[in-house]
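*Asks:* Sequence and predicted structure below; questions after.
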Amino acid sequence: LDQPSLEIFICSFQSRGISVWNRIPNKMADNMKTNFEEQGGDVLFIEDFVTEEIESKIGLMKEKDIRIFVFFIYKIDFFAILCGMYNANLYGKKYVLIFNVSVGQWCTTVTVDDVDRNVLCSIYQMDSVMANSFRLSEVQRIGDNETSLNNQTAITYEKEALQLATNDLKDFRKFHYAWNMWDTLIATGIALNETIGKLRESGKSIEDFQYTYGVGNEILKTFKSALSAVEFHGMKGYFKFDEFGDVRGDISIDQCIMETSPGVHTFDRVNVFHYSYLTNVLRERKETIFLDGSVPVDGKLILDVLLTVNTWQYFGVVVVCFASSLLTLLCMTLSYIKKDFKLIKLSSPFINILIGLGSILCYLDLIILGMPHSKELFYSNISGSVYCAASYFLISAGFSMSFGGMLVKTWRVNIIFNSRLEKQKDKQNMKEKMVKDQSLFFAILMLVGVDLLIVGFWFFYDRPSYLKRFLNKEEVSEDILENRYVYHCKSLLNEQVLGVLIFYKGVVLVVGMFLAWKTRNVTIEELNDSKSTGMCIYNVAITSAMAILMFYTNKDDFSLTYILISSATILSVTFNVAVIFIPKLKVAILNPEEARNYSARRTN
């Protein structure tokens, strides 16, 4: 049990966690804990436990999803642990149990007399836990075809030992320490011979040794030095001391194979591995048999999984945005070509072109928003920062251009029909009060300038990063746990900047809705689309509120959020483009004369 080579085998597991039950005081268990943790393992080290604590200790193992258990225990604990693990369902193909040699009941048919009456499990149940477990033990002797230092085989030495043994030791199972005795005597003899030779060279003798300081102490140091350098092939294998004064012997790893018949378990011990200290090689003796034919994993495999937009859904959004952008671009081009038609001219074609450009920016933002989540493109901090700033600015500027264009046109209607001049029905003065398109164009640029100022300040003062945000863990199989994440823009002032942008857009929306309501019944010759503009304003206000609500209520489901927001944005923007451009272009294309000489009724 005290052989450090056992530690080598345990620590060779490439495992995240091992539960070590250490009831037997020994240095090896302490070394194992230290070495394993240095390798990055998460050892659940259990020691100095009493029988009453076993249930709670097992619960802790289950909570940590530990699947490899090493037991340095006595017979009194063996059945209580088996029963506790059975009740906690910690057995079967997922788990590996490793016992020390002192558990004599391992891999044997257990009887009722062997089990403590306080253990509330049947023998059949405890056998189920012991199935396919392992036991580590020192190799007791060399093979039948191997020889020791004096060319003696283990078989001949066994015969001599039995001849010398008393009647009480005729059962060789009680005489397994005979191999240790032979190696110990040989090592001592070699060390003494070396010590005598060195003492003779200095004019001293082994007979000068005394159990006092002085000469005796010097002789003792010489003997210890000679003993630590002893190496030979012994009865237990290759004999050599390590730097700690321990002898690392070979290790035998046996597996307990259980066969089941109705109501009965039978066991077979199979030597599956042999570890040689001399060569530091773990040699397979026989194939290990596991319950499902595969090596069990040491715990749930946690995979970081990037949540992406469904490829076909993203492709659909891209196609729709691209087609809508082409339609908008076509409407902008035709509106510019036919800008001299009175029907087109009265609707402020250059402002409409800005509205169309803002719509295209909104489409472009949806394409960019889904792109990184389909493939991890942004590895550097600079590219991630540019992406964050660009995505914020595109949607903000697109909103300011498209909605801002409708807002300023409604604002112009409000100025005209709420002035004192309007009450006097003075058409000449009304024309003098008209707000020119250049002024409206400048007002839209001011709205976009505010967007640029906010996003620019955020980018240069508190540069955002494109970072992972872990959402939840989902068990996809018995041994695989997906740790799902998305990328998002993050900085110290991220929430504040987003809040300022939402508040700013909210104010613009409220002002636009108020002006649309105030001018809801106005139609004049000079401004022929005030009603349609008001309808577009209501549309943007409703869909914007819905988009913000969907973003915050489905924040952890990126794919769903993306599809919902994309759908709302596409429907809203496309509706506005259709209402503002298509009715007038339809007349201009089908009835060009009517469009050139258009006249409208004025109402209030």
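*Replies:* That came in fine, so what should we check first?

*Asks:* Would you mind finding the longest helix in the chain?
*Replies:* Secondary structure assigned by DSSP state H gives helix 381-417 as the longest helix of the chain.

*Asks:* So which elements touch that helix?
*Replies:* Applying 3 or more C-beta pairs under 8 Å, 6 or more residues apart in numbering; DSSP states H and E, one finds that helix 381-417 contacts helix 349-374, helix 427-433, helix 437-461, strand 465-475, strand 480-490, helix 494-518, helix 530-553, helix 558-590. Every residue, glycine included, has its C-beta placed from N, CA and C.

*Asks:* Out of those, which is closest to G404?
*Replies:* Closest to G404 of the helices and strands packed on helix 381-417 is helix 437-461 (C-beta to C-beta; 4.4 Å).

*Asks:* in that closest one, what counts as buried?
*Replies:* If you call a residue buried by 16 or more other C-beta atoms under 10 Å, then helix 437-461 has these buried ones: 437, 440-441, 443-444, 447-448, 450-451, 454-455, 458-459.

*Asks:* Which of the residues you listed scores worst on pLDDT?
*Replies:* In this model, the minimum pLDDT among the buried residues of helix 437-461 belongs to D437 (73).

*Asks:* what residues are up against that residue?
*Replies:* The neighbours of D437, taking C-beta atoms under 8 Å, 6 or more residues apart in numbering as the test, are 348, 350-351.

*Asks:* Try it again at 6 Å.
*Replies:* D437 makes contacts with 348, 350, as judged by C-beta atoms under 6 Å, 6 or more residues apart in numbering.

*Asks:* Could you do C362 as well?
*Replies:* 398, 569, 573.

*Asks:* Name the spans of the stretch 251-400 of the chain whose pLDDT lies under the cut-off.
*Replies:* 260-265, 291-294, 372-382 (pLDDT under 70).

*Asks:* what's the neighbour count on T34?
*Replies:* The criterion is other C-beta atoms under 10 Å. On that basis, T34 has 12 neighbouring residues.

*Asks:* can you put the buried residues of helix 437-461 in a markdown table and add distance to W312?
*Replies:* Below are these laid out as a markdown table (distance: C-beta to C-beta, whole Å):
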| residue | distance to W312 |
| --- | --- |
| D437 | 43 |
| L440 | 42 |
| F441 | 41 |
| A443 | 42 |
| I444 | 37 |
| L447 | 36 |
| V448 | 35 |
| V450 | 38 |
| D451 | 33 |
| I454 | 35 |
| V455 | 32 |
| W458 | 34 |
| F459 | 34 |
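
*Asks:* Looking at these, spot the one nearest V587.
*Replies:* Using C-beta to C-beta, D437 is the member of the buried residues of helix 437-461 that sits closest to V587, with 20.9 Å.

*Asks:* and the helices and strands packed on helix 381-417, which is most packed in?
*Replies:* Taking mean count of other C-beta atoms under 10 Å as the contact definition, the stretch among those with the greatest mean neighbour count is helix 349-374, which reaches a mean of 22.

*Asks:* what angle do that helix and helix 558-590 make?
*Replies:* Helix 349-374 runs at 150 degrees relative to helix 558-590, counting by axes from the mean of the first three to the mean of the last three C-alpha atoms, to 10 degrees.
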